[in-house]
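Chemist: How does the following fold in three dimensions:
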Amino acid sequence: MTFLSSASCYSAMPKRKRRPIAKFQHRRLQSPRSIRLLSLHPSSDLFTPLDVSLFEASLDDFPSDRHSYEALSYVWGAPTGSVPCTCDGKQLLITPNCNDALRHLRLPNQHRNLWVDAICIDQGNSEESLKERNTQITLMGEVYRTAERTLCWLGNGEEYTAGMFERLRRIGSCPSKRGLRKLLGYDGT
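Modeler: All right, here's what the predicted structure looks like:
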């Protein structure tokens with residue numbers, strides 16, 4: 001019986017040249033009141049590579065059934081992206097925390113429209129990118145207000161996360177101050 005690792009199987013195959021994947025570039029927005037929204041493509045597998053596309057929408061069109069979206073709030077963590085995802089068929093690097101959030105927010109059978117600042121706002125270093133970024137930052141309050149809801153990603157969690165959320169749920173539903181003090185372990189001093 002012969003055991004082969006995936007590495008030994010691939011080494012026997014003829015090598016093909018890989019075409020480098022083109023780097024994603026943001027298209028300029030048509031209006032100073034426009035934003036980009038991210039369409040997160042579906043997958044039921046957490047580990048399937050992320051595939052997203054961006055489309056432009058005007059803040060003047062909200063609220064609208066046509067372009068409802070959720071805003072994602074999260075800590076970037078790393079200042080620049082290092083994890084590849086596919087955006088409009090091209091490679092876009094995103095931060096590990098953004099990658100984790102999007103993987104967990106991805107729906108199994110339908111697209112999900114999101115506004116994610118690090119992706120929807122051009123983070124490039126060109127003069128045009130900087131000018132656009134400054135304009136987009138002034139719109140952020142309105143972006144969050146017009147979103148269907150804001151999702152807060154706190155991270156992947158640890159072994160105690162589920163217990164902590166259960167405790168918070170109990171605190172939030174506690175009907176009395178006495179019961180709340182007991183839950184919090186507060187003795188009044």
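
Chemist: Going by C-alpha atoms from here, please, whenever you check contacts or count neighbours.
Modeler: Will do.

Chemist: Ala57: neighbour count?
Modeler: The local packing of Ala57 (other C-alpha atoms under 10 Å) involves 19 other residues.

Chemist: Looking at the protein, which helix is longest?
Modeler: Ranked by residue count, the top helix of the chain under DSSP state H comes out as helix 127-146.

Chemist: any idea of the mean pLDDT in that one?
Modeler: The pLDDT scores in helix 127-146 average 96.

Chemist: Other residues contacting it?
Modeler: Outside of helix 127-146, the residues within contact range by C-alpha atoms under 8 Å, 6 or more residues apart in numbering are Pro32, Arg33, Ile35, Leu59, Phe62, Pro63, Ala71, Ile121, Asp122, Gln123, Gly124, Thr150.

Chemist: same deal with stretch 153-168?
Modeler: Contacts of stretch 153-168 (C-alpha under 8 Å, 6+ apart): Leu72, Ser73, Tyr74, Val75, Asn97, Asp100, Ala101.

Chemist: CA atoms only for that stretch, dumped as CSV, please.
Modeler: Output in CSV follows, covering the C-alpha atoms of stretch 153-168 (Å, rounded to 0.1, in the frame of the first residue of the first chain):
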residue,chain,number,x,y,z
TRP,A,153,-18.3,42.2,15.0
LEU,A,154,-16.4,41.7,18.2
GLY,A,155,-14.1,39.0,16.9
ASN,A,156,-14.1,35.2,16.7
GLY,A,157,-14.6,34.8,20.5
GLU,A,158,-12.9,32.6,23.0
GLU,A,159,-14.0,29.6,25.1
TYR,A,160,-15.8,31.9,27.6
THR,A,161,-17.6,34.1,25.0
ALA,A,162,-20.9,32.1,25.0
GLY,A,163,-21.1,32.2,28.8
MET,A,164,-20.5,35.9,28.8
PHE,A,165,-23.3,36.6,26.3
GLU,A,166,-25.6,34.4,28.4
ARG,A,167,-24.7,36.5,31.5
LEU,A,168,-25.3,39.7,29.6
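
Chemist: ok, Pro42 to Ile21 distance?
Modeler: Pro42 sits 21 Å away from Ile21, taking C-alpha to C-alpha, to the nearest Å as the criterion.
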